[in-house]
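**Q** Please find the sequence and the predicted model below.
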Amino acid sequence: MNTRALASEVRMSHWSEVIEERNASGLSVREYCKKSGIRENVYFYWQRKVREVACEELLTQVPVKISNTNEVIPKGWALCESAKNTKKALTIEVNNYRVLINDDFDTELLSKVCRVLVSLC
């Protein structure tokens, strides 16, 4: 890997973390940028770049057909089924991220987790 590509990867990684941190903070973009000393236009520029890279990666992944069904799931995603005979009602797994949802789950927390997963993908 050349130094230019490596530098680009490091910047992308840094901004992915910044965007995740902002999402987890619950602050608006304006509030987060003011608190962090980041210009809003710079934040939005890198948010767009991170999303473009994430979308390109999704488009290059080969879908996987689920046997005996007409369903297709993207590579890197897992088919989730409800757990039987356990307290876990559902397990969601995306790449290296796993979310275990109990039957008495907090819908607001699940909503926040889904927003973070969407921002990563």
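**A** Nice, thanks for sending it over. Numbering: from 1, shown residues only.

**Q** Over to G26: give its phi and psi.
**A** For G26, the backbone dihedrals (degrees, to the nearest 10) come out as phi 80, psi 0.

**Q** And it, how far from L109?
**A** The gap separating G26 from L109 is 12 Å, by CB to CB, to the nearest Å. Any C-beta I mention is one placed from the backbone N, CA and C, and that applies to glycine too.

**Q** Over to I19?
**A** Going from I19 to L109 by CB to CB gives 19 Å.

**Q** Just the buried residues of the longest helix seen in the chain, please?
**A** In the chain, with assignment by DSSP state H, the single longest helix is helix 3-25. Neighbour counts using 16 or more other CB atoms under 10 Å place M12, W15, S16, V18, I19, R22, N23 of helix 3-25 among the buried residues.

**Q** can you tell me which residues contact the first one?
**A** Pointing back at M12 there. K49, V50, V53 (CB atoms under 8 Å, 6 or more residues apart in numbering).

**Q** Can you tell me which of the residues you listed is nearest V116?
**A** Comparing those against V116 with CB to CB places V50 closest, at 13.0 Å.

**Q** wait, the closest one sits on E20?
**A** No: at 9.6 Å, V50 does not count as touching E20 under the criterion of CB atoms under 8 Å.

**Q** Can you give the domain ranges for the protein?
**A** With domains defined by automatic domain parsing, the chain comprises 1-60, 62-121.

**Q** weakest of those by average pLDDT?
**A** For the domains of the chain, mean pLDDT drops lowest on domain 62-121, to a mean of 63.

**Q** for the buried residues of helix 3-25, which one is nearest R4?
**A** M12 (12.6 Å).

**Q** which outside residues touch stretch 30-42?
**A** Stretch 30-42 has contacts (CB under 8 Å, 6+ apart) with V18, R22, S25, L27, V29, Y43.
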